[in-house]
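Novice: no sequence for this one, just the structure:
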């Protein structure tokens, strides 16, 4: 029985470490997208695009990329849950 508890504890610890690593990875991705969104805003305004329109372009890019990342994470999580159940 003790070995079962140790195995469960180890699995829970590994799961926590993997979740933290995934969170860090997603944070780095979000920071990169923020930089790119800022670059879109700067480039668009430098090219003569009105500020409000450039701001909307940058916001649209941010939303699309973050939504894609969120959906990918949900699919990955669902896939991992399916594997764990099998």
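Specialist: Received, thanks. Given the structure is predicted, the values throughout are model-derived calculations rather than measurements.
Novice: Return the set of buried residues in whichever strand or helix holds residue 83.
Specialist: Using DSSP states H and E, the element containing residue 83 is helix 51-85. Buried residues in helix 51-85, counting neighbours by 16 or more other Cβ atoms under 10 Å, are found at 54, 55, 57, 58, 61, 62, 65, 66. C-beta here means a position set from N, CA and C on the backbone, and glycine is covered the same way.
Novice: Against which helices or strands is that helix packed?
Specialist: Under the contact criterion of 3 or more Cβ pairs under 8 Å, 6 or more residues apart in numbering; DSSP states H and E, helix 51-85 touches helix 2-46.
Novice: Just the angle for the helix it packs on relative to helix 51-85, thanks.
Specialist: 160 degrees (axes from the mean of the first three to the mean of the last three Cα atoms, to 10 degrees).
Novice: Any regions of this protein where pLDDT drops low?
Specialist: Within the chain, the stretches with pLDDT under 70 are 1, 86.
Novice: Closest to the centroid, which residue in it?
Specialist: By Cα atoms, centre = their mean, the chain has its centre lying nearest to residue 26, at 3.4 Å.
Novice: Identify the residues contacting it.
Specialist: Residues in contact with residue 26 (Cβ atoms under 8 Å, 6 or more residues apart in numbering) are 69, 73.
Novice: That one and residue 10, how far apart?
Specialist: Using Cβ to Cβ, to the nearest Å, residue 26 is found at 25 Å from residue 10.
Novice: before we move on, what about residue 36?
Specialist: Taking Cβ to Cβ, one finds residue 36 at 39 Å from residue 10.
Novice: Tell me which of those two has more neighbours.
Specialist: Using other Cβ atoms under 10 Å, the more surrounded residue of residue 36 and residue 10 is residue 36, with 14 against 10.
Novice: in terms of contact, does that one touch residue 64 like I think?
Specialist: No - Residue 36 is not in contact with residue 64 according to Cβ atoms under 8 Å; the separation is 11.3 Å.
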